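J.: Using only what follows, build the 3D model:
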Amino acid sequence: MRIVNIDLDEDFLKRFFDLTGDKLPDTITLVSLKKQVLNIKERFRTILADSSGASANVPNLSNLDSGDDDKLDLSRSNNVLLVDNLGVITYQVQMIMERLGFRITVTKDVYGALSLFEDKDFDFVLMDLLIPTEREGFILLAELQNIARQKGVNPIIGVMSVAGKKELKTDSIERGADFYIEKSYNWQQRLTDIVKDYIGS
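T.: Next up is the predicted model:
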């Protein structure tokens, strides 16, 4: 048997398993990680299929059609800034937003997000609160709003987090976030519904 050393921190693993509502097991193997990846992909395929009114058996996610409910306001630039350091999350959010007609720009850290936000206009900002801790997340939220005021723009800012603390949602909204999504079971569908509501408003 070949032994492989997997150097992943506990916080990353917990967030990874939380995506399907599973608890972090005591022992991690390559087999269990591969199984979790398949579970996440299947869950995501089901969410996209349900949101498009199609069956759960979607052969190609990139070929999903957008219905009449997904039409965009042409006065918008249709740009989305996503701030998250977990690849499986950025993949899922990118598929959701592109299906709804948005162009998405991804960055993994606070400094990259602020630089991009200063240089380009975005209709939506979707940011992970724990990058890597809530302290940095709240700093980013405040700085995004400062830059938006200076530029005279008013993007919709959504905060996402695997943390289940109610006070984080309250604090995020009080500090100016338009919405907060806990990245737990069915979070992809909630994100889809929220964005559709904003498109229709």
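
J.: how about low-confidence regions in the protein?
T.: Scanning the chain for pLDDT under 70 picks out 1-24, 26-34, 36, 38-76, 201.

J.: all strands of it, in order?
T.: Using DSSP state E, the strands assigned to the chain run over residues 79-83, 103-107, 124-128, 156-161, 179-182.

J.: Dump these to TSV, plus distance to residue 197 and mean neighbour count.
T.: Where you see a C-beta, it was placed from the backbone N, CA and C, and this is true even at glycine. Formatted as TSV, the strands of the chain follow (distance: least, Cβ to Cβ, whole Å; neighbours: other Cβ atoms under 10 Å):
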stretch	distance to residue 197	mean neighbour count
strand 79-83	15	23
strand 103-107	19	18
strand 124-128	12	24
strand 156-161	10	23
strand 179-182	9	18
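
J.: can you redo those as TSV with distance to residue 116?
T.: Conversion of the strands of the chain to TSV gives the following (distance: least, Cβ to Cβ, whole Å):
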stretch	distance to residue 116
strand 79-83	6
strand 103-107	6
strand 124-128	10
strand 156-161	14
strand 179-182	21
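
J.: of those strands, which approaches residue 195 most closely?
T.: When the strands of the chain are compared by Cβ to Cβ, strand 124-128 sits nearest residue 195, at 7.2 Å.

J.: just checking, what packs against that closest one?
T.: Here strand 124-128 touches strand 79-83, helix 87-99, helix 110-119, helix 134-151, strand 156-161, helix 187-200, going by 3 or more Cβ pairs under 8 Å, 6 or more residues apart in numbering; DSSP states H and E.

J.: Please repeat the previous calculation with a cut-off of 7 Å.
T.: In this structure, strand 124-128 packs against strand 79-83, helix 134-151, strand 156-161, with contacts taken as 3 or more Cβ pairs under 7 Å, 6 or more residues apart in numbering; DSSP states H and E.

J.: Just want to check the distance between residue 176 and residue 141.
T.: Separation of residue 176 from residue 141 (Cβ to Cβ, to the nearest Å) stands at 6 Å.

J.: now do residue 193
T.: Distance of residue 193 to residue 141, computed by Cβ to Cβ: 22 Å.

J.: More neighbours: which of the two?
T.: Remark: of residue 193 and residue 141, residue 141 carries more neighbours, 21 against 10, as counted by other Cβ atoms under 10 Å.

J.: what residues are up against the residue nearest to that one when sequence neighbours are not counted?
T.: Distance criterion Cβ to Cβ, 6 or more residues apart in numbering; nearest residue to residue 141, sequence neighbours excluded, is residue 175 at 5.5 Å. Residues in contact with residue 175, defined by Cβ atoms under 7 Å, 6 or more residues apart in numbering, are 138, 141-142.
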